[in-house]
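[1] Curious how this folds, go ahead:
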Amino acid sequence: MDLNPTESIAYYWPELVLGLTALAVWVIDLFEARKDRLGEVALFGAALSVFLASRLVGWGEGWIFDRMLIVDGFAIFFKILLGLATLAVLWMSLESNEIRHNNEGEYYGLILCSAIAMYTMAAAANLLMAYLGLEFVSLTSYILTGYLRRNRRSGEAALKYLIYGGVASGAMIYGMSWIYGLTGSMDYAHINQALASLPPGNQLAVFIALVLIMVGFGYKIAAVPFHMWAPDAYEGAPIPVTTFLAIGSKAAGFALLMRFFYPAISHSGEHGTWTAIAGVDWPQMLLVLCMVTMTLGNLAALSQTNVKRLLAYSSIAHAGYVLMGFVLLTDDGLRAMLFYLLAYYLMNLGAFLVVLVVANSTGRDDVASFRGLAWRGGIFPAVAMAIFLFSLTGLPPFVGFVGKFFLFAAVVKADFYLLALVGLANSVVALYYYARIVRTMFLDFPTGDEPTVEVGIYNGFLMGVLASATVVFGIYWTPLITFADRSIRFFRG
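    The predicted structure follows:
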């Protein structure tokens, strides 16, 4: 179906609710003395948005707003995932010492506006909407990264993020202009048809355009060599913002990447396979990028003493793991990617939540602040952190193991044996730096001058939910893989 703007509104309620909630937060901020109420309003709006996005399942598929956006299983999957990421980050923010009493109205409104842009990235059916969505997410992310205005480290992180983002955005829009010049259209469906009939002499121009576009996409998912902003931005930003960048912004980047490189410029074949444009070997380019990303991310994480920075390099490595499924050109690879993003949401969100709890009590986020955590009132966060870290490593019986199993199974099935070996070696490397934190929490006894770690009601509840889900979905993963399987069907008209 192809809906006009008036008919499209019924499918756009998740975004409208987020926008209306952001406006409500800013208006209430002018009159309400109790600023903690603003977080509750934002939380309600995000929850309602997730509910409305889930209600879109079964409504049908098609283009909305004159083919600018698309509604299909893939878009709904990411709207639900991104909505849950927004909900969790808002929940974390309620008990964050960095956010509390610090211009909360602007903060919660910016988080909600960034979520709207992420929804747009997942549903973009047009190069213009893809660019606007990514750019709006970037602009809000720059502000949120530098949110601690009197913190020099936060300001430096925002400036570096802005510089890298500006260069990547410029390269991407230049590449998009090449695609438009070659095909005469910004619509993904029309681009697909035009590229299929291009004369043989244009392959080099298409490849250069895809390389330039990949600069922008790679920057958003923090893939090597476009990752350089991530460690500083993750370390300098408030912990809830760091979490939002790690699970929300990265997931939106992968949504944009998959939507463009698969239904837009590749062709689906039989038995769940895809075919790249003849003479344009972008899968080979991304195969190298995938292996380099996971390797550099894990090796750089080995020497880190700041947990936020360590998790930043870990996040880079996990971008490499997810890209393993991307380069296969199969539905199995796409399904494994979606499942792994769900698993990554649970375990990475949980890890940053524990960092927030420790930072609230100690004012620090380095590895030394975790010393003897299990023996100074923090047995619950220590056990939860161990669950999250072992899951990130890919050990059973946690959901991270199942996620990596599906990825490696898809890789081996497609006969990418070297990629499987590189991924396996990197998982072994990752175990070292994750286990170092676990050892610090349980085997290094406190010196006596460390403060007691206290877990608030909000954070304690969320931590319990995430730790339980990480274990439960590692044993019974059918609901997640069913959801992922249903969501890889792209609407192409």
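
[2] Buried ones in stretch 299-306, by neighbour count?
    300, 301, 304, 306 (16 or more other C-beta atoms under 10 Å). The way it works is simple: take the backbone N, C-alpha and C, and place the C-beta from them, glycine included.

[3] could these be laid out in TSV, adding pLDDT?
    Shown next, in TSV, are those (pLDDT from 0 to 100):
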residue	pLDDT
300	93
301	92
304	90
306	90
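
[4] which one of those residues sits closest to residue 359?
    For the buried residues of stretch 299-306, the minimum distance to residue 359 (C-beta to C-beta) is 11.0 Å, reached by residue 306.

[5] number of nearby residues for the spatially closest residue to the closest one that is not a sequence neighbour?
    Spatial nearest neighbour of residue 306, excluding adjacent residues (C-beta to C-beta, 6 or more residues apart in numbering): residue 366 at 5.0 Å. Counted with other C-beta atoms under 10 Å, the neighbours of residue 366 add up to 17.

[6] residue ranges for the strands of this protein, please.
    Secondary structure of the chain by DSSP state E: the strands cover 62-64, 69-71, 267-268, 274-275.

[7] Now do the last one: everything it contacts.
    The set of residues that contact strand 274-275 without belonging to it, under C-beta atoms under 8 Å, 6 or more residues apart in numbering, is 262, 266, 267, 268, 269, 329, 330, 331.

[8] Just the buried ones out of those, please.
    Among the contacts of strand 274-275, those classed as buried by 16+ other C-beta under 10 Å are 262, 266, 267, 329, 330, 331.

[9] Is it possible to get TSV of those residues that adds pLDDT and distance to residue 35?
    TSV is the format used below for the buried ones among the contacts of strand 274-275 (pLDDT from 0 to 100; distance: C-beta to C-beta, whole Å):
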residue	pLDDT	distance to residue 35
262	87	44
266	81	48
267	79	53
329	88	50
330	88	50
331	89	47
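
[10] Could I get those residues in CSV, plus columns for distance to residue 318?
    Below are those laid out as CSV (distance: C-beta to C-beta, whole Å):
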residue, distance to residue 318
262, 20
266, 24
267, 29
329, 21
330, 20
331, 22
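
[11] Quote the end-to-end distance of stretch 355-369.
    Terminal residues of stretch 355-369 are spaced 10 Å apart (C-alpha to C-alpha, to the nearest Å).

[12] hmm, who's touching that stretch?
    Stretch 355-369 is contacted from outside by 92, 95-98, 239-240, 243, 304-308, 310-311, 370, 373, 378, 381, 436-437, 440, 450-456, 459, 463, using C-beta under 8 Å, 6+ apart.

[13] Off-centre distance for stretch 285-300?
    17 Å (C-alpha atoms, centre = their mean, to the nearest Å).

[14] Using CSV, list the CA coordinates for it.
    Extracted in CSV, the C-alpha atoms of stretch 285-300 (Å, rounded to 0.1, in the frame of the first residue of the first chain):
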residue,chain,number,x,y,z
MET,A,285,35.0,-4.5,1.8
LEU,A,286,32.8,-4.9,4.8
LEU,A,287,34.2,-8.4,5.6
VAL,A,288,37.6,-6.8,6.1
LEU,A,289,36.1,-4.0,8.1
CYS,A,290,34.2,-6.5,10.3
MET,A,291,37.3,-8.5,11.2
VAL,A,292,39.4,-5.3,11.9
THR,A,293,36.6,-3.8,14.0
MET,A,294,36.3,-6.7,16.4
THR,A,295,40.0,-7.2,16.7
LEU,A,296,41.0,-3.6,17.3
GLY,A,297,38.1,-3.2,19.8
ASN,A,298,39.1,-6.2,21.9
LEU,A,299,42.8,-5.5,21.8
ALA,A,300,42.3,-1.8,22.8
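
[15] Show me which positions of that stretch end up buried.
    Across stretch 285-300, burial judged by 16+ other C-beta under 10 Å covers 286, 287, 289, 290, 291, 293, 294, 295, 296, 297, 298, 300.

[16] Stretch 101-112 too?
    Using 16+ other C-beta under 10 Å as the test for burial, stretch 101-112 gives 102, 104, 105, 106, 107, 108, 109, 110, 111, 112.

[17] residues contacting the third one?
    Spelled out, that is residue 105. For residue 105, the contact set (C-beta under 8 Å, 6+ apart) comprises 25, 26, 28, 29, 35, 38.

[18] can you give me the helices in the stretch 151-300 of the chain?
    Chain-ordered helices for the stretch 151-300 of the chain, with DSSP state H, counting those that start in this stretch as the definition, fall at 152-183, 188-196, 203-221, 230-236, 239-243, 250-259, 282-301.

[19] re the thing from before, determine which of the strands of the chain approaches residue 215 most closely.
    Nearest to residue 215 among the strands of the chain is strand 274-275; the distance by C-beta to C-beta comes to 22.7 Å.

[20] Just give me how far the closest one sits from the chain centre.
    On the basis of C-alpha atoms, centre = their mean, strand 274-275 sits 25 Å off its chain's mean C-alpha point.

[21] ok so, going back, wait, which of the buried residues of stretch 101-112 is closest to residue 73?
    Taking C-beta to C-beta as the measure, residue 73 lies nearest residue 112 of the buried residues of stretch 101-112, at 24.7 Å.

[22] So that closest one is in contact with residue 17, correct?
    No - taking C-beta atoms under 8 Å as the definition, residue 112 is not a contact partner of residue 17, at 9.3 Å.

[23] what sits in contact with each of those two?
    residue 45.

[24] list the contacts for residue 240?
    Applying C-beta under 8 Å, 6+ apart to residue 240 gives the contacts 89, 92, 93, 96, 98, 99, 356.

[25] circling back to that earlier point, using JSON lines, lay out the buried residues of stretch 299-306 together with distance to residue 149.
    Shown next, in JSON lines, are those (distance: C-beta to C-beta, whole Å):
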{"residue": "300", "distance to residue 149": "29"}
{"residue": "301", "distance to residue 149": "29"}
{"residue": "304", "distance to residue 149": "26"}
{"residue": "306", "distance to residue 149": "21"}
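
[26] now, among the residues you listed, which is nearest to residue 424?
    For those, the nearest to residue 424 is residue 301 (17.1 Å; C-beta to C-beta).

[27] Next, the contact list for the closest one, please.
    310, 313, 314, 317, 430, 433.

[28] Cross these against helices and list the overlap.
    Members of the contacts of residue 301 lying in helices (criterion: DSSP state H): 310, 313, 314, 317, 430, 433.

[29] pLDDT and distance to residue 122 added to those, as TSV?
    Shown next, in TSV, are the ones in helices among the contacts of residue 301 (pLDDT from 0 to 100; distance: C-beta to C-beta, whole Å):
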residue	pLDDT	distance to residue 122
310	93	29
313	93	26
314	93	24
317	94	23
430	92	28
433	91	32
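
[30] and which of the residues you listed is nearest residue 469?
    Nearest member of those to residue 469, counting by C-beta to C-beta, is residue 314, at 19.4 Å.

[31] If you drop the residues flanking it in sequence, what lies closest to that closest one?
    Leaving out its chain neighbours, the residue that sits closest to residue 314 by C-beta to C-beta, 6+ apart is residue 301, at 5.4 Å.

[32] For residue 118, see how far away the residue nearest to residue 411 when sequence neighbours are not counted is.
    Using C-beta to C-beta, 6+ apart and skipping the chain neighbours, the partner closest in space to residue 411 is residue 420 (4.7 Å). For residue 420, the distance to residue 118 equals 31 Å [C-beta to C-beta, to the nearest Å].
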